[in-house]
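Asks: Got a predicted model here, sequence first, then my questions.
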Amino acid sequence: MSRIRSLGGGCIDPERIVPVGPDFRSQPIEHAFTWGDGVIETGPSGLYIVSFRSRRNLAAASWVVERLLSLDSAATQEAMLMPGFYHYEPDNELSPEGDGLSYCAWTGPYFAAFARTQPRHKEAMAFIRGEGRGVYRSYHVEGRKIFRDQGSEEEVVWENRDAA
């Protein structure tokens, strides 16, 4: 069964947005997934993609990793109830080096920013900065807009990184 989501003038099929290959985690977000297959229409304001690229510390204590995953799950459930939420795609299989790349799709940047202020997200971030410090060797969060007109045969268009 397809999970096509329509919201705010946009339409995506998350099941068709898949990694481009085994090295997708090392690719820029616009090349890491098959966006052209799954982004059907974005509406005039585009779709806002927040990517989370990380390198997990493989030596982190198991209780720290378990707590992180539990907090991430709670923050995801909270986000799914928020206005403007489309889809969250976790990276459940890290590379042998601990690399991960996940993304969340929103109708706009203000919705994504509002989600960061919610209790479960704040709790997860506090854990990463406090008791769970060191669970990641590094991480980077990036937000980008993506555009596609309904019925367009053209590939999706990404907003310039400098324009935000």
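Replies: On my side now, so go ahead.

Asks: quick one, strands of this protein?
Replies: Using DSSP state E, the strands of the chain run over 5-7, 10-12, 39-41, 47-56, 85-89, 99-106, 136-147, 157-158.

Asks: Of those strands, which is nearest residue 130?
Replies: When the strands of the chain are compared by C-beta to C-beta, strand 136-147 sits nearest residue 130, at 13.1 Å. C-betas here are computed from N, CA, C, even on glycine.

Asks: what does the top helix by length along the chain contact?
Replies: Counting residues, the longest helix found in the chain (DSSP state H) is helix 62-80. The contact list for helix 62-80, computed with C-beta atoms under 8 Å, 6 or more residues apart in numbering, reads 56, 85, 88, 90, 104, 115, 118-121, 123-124, 127-128, 131-132, 134-135.

Asks: residues touching the nearest residue to residue 158 once chain neighbours are set aside, list them.
Replies: Setting aside the residues directly before and after it, residue 158 is nearest to residue 30 in space (C-beta to C-beta, 6 or more residues apart in numbering), at 4.7 Å. With contact taken as C-beta under 8 Å, 6+ apart, residue 30 is in contact with 144, 146, 158.

Asks: For residue 30, give its distance to residue 70.
Replies: Plainly put, residue 30 is 31 Å away from residue 70 if you go by C-beta to C-beta, to the nearest Å.

Asks: Now do the same contact list for the residue nearest the centre of the chain.
Replies: Centroid-nearest residue in the chain: residue 103, 1.3 Å away (criterion: C-alpha atoms, centre = their mean). Contact analysis of residue 103 by C-beta under 8 Å, 6+ apart lists 29, 33, 49-52, 88-89.
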